[in-house]
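Visitor: Sequence and predicted structure, then a few things I'm wondering about:
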Amino acid sequence: MYVIIWIEMVTSLVSVIITTKNEEKVIKKLLISFGRQTYKNWEIILVDNNSTDKTVEIAKDMGVKVYNFGPERSAQRNFGARIAKGEYLLFVDADMELSENVLNECIEVCFKNPDIGGVAIPEKSKAIYFWEKVKAFERSFYNEKGDPITDAARFFKKEVFQKAGGYDETITGPEDWDLPETIIELGFRINRIKAHIYHRERVPSPWILAKKKFYYALSSYKYLEKHNISIVSSKTIYFLRPVFYRNWKKLLMHPVLTPAMIIMLSAELLGGGLGYILGRLRKL
C-alpha cells in the first residue's frame, strides 16, 4: 500500500502556470529555478498578455510553450488551468523564484492530508533599493510564522480548483485571497509548507504602490461582499493587523524602516480607499 502511494506521489504531474506581461528582466530566473526542483514531474504553461518586450522570446528560447491570453491575471490563470494536464496546479508570478523543495513539499502535504485543497507557500523578499527593503520589512511580519489574514494559497489540487470555479474573473487584486477562502467554504483546508518562494519586490516608491492599490481596489467591493467581510477590518486596513502589534519589539528595533513602513502603508491605504469608493460608485 505504502509503495503504491509513494509511486502515485512521485509520478503526479504538477502544472505550473505563469502569467506574464513585459517581464523580460525576471522571467529567465524564474524558469531556471524549476530546473533546480527536487521534484521533477512538472510542466510549465506560460500565459502572456500581449508583451511588447522579449518575455515571450526568452521563454520560447528556454523551451517553454507560450500562450497569449488576457485581459487580466485571473483570466490568464484560468486559461492555463483549462489546458493543464496535471493533477496539481501551481500559480506563480514572473518576479518569483522557487527554492528547491517547493514542489516536493506541496505534493507531500497533499498526499498526507486528503482534506487539503490548497497550499500556501511562504515568501522571502529580494530587495535592493530602499522602498523595496521597506516592503520586504512589512512582508517579514506575515511570512516568518505565517499569518491567517494575509496568507494566500497558490498550489491546488486541480479537482478542488475546478470545484471552486477557479479564479473569479470579475475581481482583480483580491483574487489571491478569494479563491482559497472559497475553497475553505467548500469544506477543504489550506495548509502551509516550510519551503519558500523568493519574491523580487520591485517597489520604486510608495506612490506607485498607492496607484497599484487604487486599481486593485476598484473591484474589491465584490470580494468583500462575496465573503461578508467588513470594509473596516484587518483584511482591508493594515494598521488593524494583530501581527504588527504582537511583534512590537521588532518595530522598535528598526527606527528607519518602521516609520517608512507607516508612510508606505498609509499611501497604499489611501490609494485602496479611493479605488474602493470609485469602484463602488461606478459598480465596476
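Guide: Great, that's in hand.

Visitor: tell me the pLDDT at Ser140?
Guide: Looking at Ser140, its pLDDT stands at 95.

Visitor: which ones are touching it?
Guide: By Cβ atoms under 8 Å, 6 or more residues apart in numbering, the contact set of Ser140 is Ser125. (Each C-beta comes from the backbone N, C-alpha and C, glycine too.)

Visitor: centre of the chain versus whatever helix or strand it lives in, how much separation?
Guide: Assigned by DSSP states H and E, Ser140 belongs to helix 130-143. Computed by Cα atoms, centre = their mean, to the nearest Å, the separation of helix 130-143 from the middle of its chain amounts to 15 Å.

Visitor: so what strands line up beside the helix or strand following it?
Guide: Sequence order places strand 153-157 as the next helix or strand after helix 130-143, per DSSP H and E. Looking at strand 153-157 with DSSP bridges, its partner strands are strand 88-93 (antiparallel), strand 116-120 (antiparallel).

Visitor: Mind checking the pLDDT average for the helix or strand that comes right after strand 153-157?
Guide: Using DSSP H and E, the helix or strand that follows strand 153-157 towards the C-terminus is helix 158-163. Averaged across helix 158-163, the pLDDT comes to 97.

Visitor: Helix 158-163 - contacts with which helices or strands?
Guide: helix 73-83, strand 88-93, helix 175-185 (3 or more Cβ pairs under 8 Å, 6 or more residues apart in numbering; DSSP states H and E).

Visitor: Report the backbone C-alpha coordinates of the helix holding Ser140 in PDB.
Guide: What follows is helix 130-143, C-alpha atoms only, in PDB (Å, rounded to 0.1, in the frame of the first residue of the first chain):
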ATOM      1  CA  PHE A 130      15.200  51.500   0.000                       C
ATOM      2  CA  TRP A 131      11.400  51.200  -0.700                       C
ATOM      3  CA  GLU A 132      11.900  47.600  -1.700                       C
ATOM      4  CA  LYS A 133      13.500  46.900   1.700                       C
ATOM      5  CA  VAL A 134      10.600  48.700   3.400                       C
ATOM      6  CA  LYS A 135       8.100  46.400   1.600                       C
ATOM      7  CA  ALA A 136      10.300  43.400   2.500                       C
ATOM      8  CA  PHE A 137      10.200  44.500   6.100                       C
ATOM      9  CA  GLU A 138       6.400  44.600   6.000                       C
ATOM     10  CA  ARG A 139       6.200  41.100   4.400                       C
ATOM     11  CA  SER A 140       8.600  39.700   7.100                       C
ATOM     12  CA  PHE A 141       5.800  40.100   9.700                       C
ATOM     13  CA  TYR A 142       3.500  37.900   7.700                       C
ATOM     14  CA  ASN A 143       5.900  35.300   6.300                       C
END
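
Visitor: which parts of that helix are buried?
Guide: 131-143 (16 or more other Cβ atoms under 10 Å).

Visitor: In CSV, list these along with distance to Lys226.
Guide: Converted to CSV, the buried residues of helix 130-143 look like this (distance: Cβ to Cβ, whole Å):
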residue, distance to Lys226
Trp131, 32
Glu132, 32
Lys133, 35
Val134, 31
Lys135, 27
Ala136, 31
Phe137, 31
Glu138, 26
Arg139, 25
Ser140, 30
Phe141, 26
Tyr142, 23
Asn143, 26
